[in-house]
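# structure for the following, please:
(chains A and B)
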There are 2 protein chains.
Amino acid sequence: MLLQNILAGKQLVLASNSPRRQQLLKGLDVDFEVWSTSHTDESFPTDMPIAQIPGYLARHKASFFTSRLSNDVILITCDTIVVCDDRVLGKPSDYADAVTILKQLSGRKHSVITGVCLSTCSKSVCFSATTDVFFRHITDQEIHYYVEQYKPYDKAGAYGIQEWIGYVAIERIEGSYFNVMGLPVQKLHSELVNFLNH
Amino acid sequence: MLLQNILAGKQLVLASNSPRRQQLLKGLDVDFEVWSTSHTDESFPTDMPIAQIPGYLARHKASFFTSRLSNDVILITCDTIVVCDDRVLGKPSDYADAVTILKQLSGRKHSVITGVCLSTCSKSVCFSATTDVFFRHITDQEIHYYVEQYKPYDKAGAYGIQEWIGYVAIERIEGSYFNVMGLPVQKLHSELVNFLNH
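The predicted model follows:
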């Protein structure tokens, strides 16, 4: 059965302020509501293995909505991190920080990990998806052009794969492209089908 | 130097009717003209190795524009094919053909190869890019839903990665996502810089 049919009588909710994630979820041809999120605490235990961080943060985001859940409401919360040389790269704090982050990504591979949590009032499941991204060497002139023109301050890793820098400098990826944009839609689709059928 | 500066005084031209390719080229932040193409002959020598076909067709497309070229006009022509089990899958001829092609892609890997040719009146260079695409098993209901709703008759391999079927059924890719959409923009950018500097 198609996901849109399985969802009949249910209310799918995406708790994310990101217009990119809302657009990605639309691509699954399902109806959903958006709940805005206001908390900005993205801290995690310092001894947590990196691969577990996005799932932890996605589950943490779900905890803010417990009172609004029911058995017919399926809540999606998510978090995306960028990992390079075993270091988590967050959103850049300012122009200089964005330049520093992009210099670090230049000419090497990094990983983008998105954690997703599906929750009703009675159960929840969390999963994550990893995509490896390979940047060619990026010149200083290209980095400054990108940061000035595209102001990637709301993006983990200081870049959007769907923007100019993704067009000119990403040589290849291994994994899901949409995961790099912020939502692993294929895995989400498959996990939603499982979640609703069990 | 940025590509847009290297192109000063030159006229970049994309010879393609595909709105997707025009949108992808725009992502490089360069000005260009679109020349429409009218020939539809996409035949190739039957003994040609598959990997050479897209470059051959891209070069063939350029030959129709010879009289309009000059040293200041850089023409881009391209062709994309889908290869599964050493067979070239073209655009579907009708509904039943689209269903047959998608059943063939279901649950396996295929390759998308785009050949690109850059031409002025005095020189030309051709290159190609390959991306491997991994579909999960797609149900008959999903295939019929997709073909009915999205009518992928203008697409090699009978699907668009940026459409519903790409969202729900493509588990991973290895290579350039934009190449699967029809234009390997990162490689094109790098080849254009080389072409203009030599």
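# ok, residues contacting the top helix by length along chain A?
As assigned by DSSP state H, the longest helix anywhere in chain A is helix A:185-197. Contacts of helix A:185-197 with the rest of the structure, by C-beta atoms under 8 Å, 6 or more residues apart in numbering or on different chains, involve A:3, A:6-7, A:10, A:12, A:24-25, A:27-28, A:74, A:76, A:116, A:118, A:123, A:125, A:127, A:129, A:176, A:178-179, B:136, B:167-171. All C-beta spots, glycine's among them, are computed from the backbone N, C-alpha and C.
# now, which of those residues lie within strands?
Judged by DSSP state E, strands contain the following of those: A:12, A:74, A:76, A:116, A:118, A:125, A:127, A:129, B:170-171.
# circling back to that earlier point, pull out the buried positions in the longest helix of chain A.
By neighbour count on 16 or more other C-beta atoms under 10 Å in any protein chain shown, the buried set for helix A:185-197 is A:185-193, A:195-196.
# closest one of those to A:Lys155?
A:Val185 (18.2 Å; C-beta to C-beta).
# check that closest one and give its pLDDT.
As predicted, A:Val185 sits at a pLDDT of 98.
# how about the residues of chain A by chain B?
With the criterion set to C-beta under 8 Å from any C-beta of the partner chain, chain A comes near chain B through A:1-3, A:24, A:27-29, A:131, A:136, A:141-142, A:145, A:149, A:161, A:163-164, A:167-178, A:185-187, A:189-190.
# buried residues, stretch A:69-85. List them.
Residues of stretch A:69-85 classed as buried: A:69, A:73-84 (neighbour count, 16+ other C-beta under 10 Å).
# using a markdown table, please lay out these together with pLDDT.
Formatted as a markdown table, the buried residues of stretch A:69-85 follow (pLDDT from 0 to 100):
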| residue | pLDDT |
| --- | --- |
| A:Leu69 | 93 |
| A:Val73 | 97 |
| A:Ile74 | 97 |
| A:Leu75 | 98 |
| A:Ile76 | 98 |
| A:Thr77 | 97 |
| A:Cys78 | 96 |
| A:Asp79 | 94 |
| A:Thr80 | 94 |
| A:Ile81 | 94 |
| A:Val82 | 97 |
| A:Val83 | 97 |
| A:Cys84 | 97 |
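# in the residues you listed, find the pair that's most separated.
A:Val73 and A:Cys84 (36.8 Å).
# show me where chain A dips below the pLDDT cut-off.
The model of chain A has pLDDT under 70 over residues A:40.
# tell me where it has helices.
Per DSSP H, chain A carries helices over the ranges A:3-6, A:19-26, A:53-62, A:95-105, A:140-150, A:164-169, A:177-181, A:185-197.
# for those helices, which one sits closest to B:Gly55?
helix A:164-169 (21.6 Å).
# CA atoms of the closest one as PDB?
Coordinates of each C-alpha in helix A:164-169 appear next as PDB, following Å, rounded to 0.1, in the frame of the first residue of the first chain:
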ATOM      1  CA  TRP A 164      26.800  27.300  -5.800                       C
ATOM      2  CA  ILE A 165      29.500  25.700  -3.800                       C
ATOM      3  CA  GLY A 166      27.800  22.300  -4.100                       C
ATOM      4  CA  TYR A 167      27.600  22.700  -7.800                       C
ATOM      5  CA  VAL A 168      31.200  23.800  -8.400                       C
ATOM      6  CA  ALA A 169      33.200  21.900  -5.700                       C
END
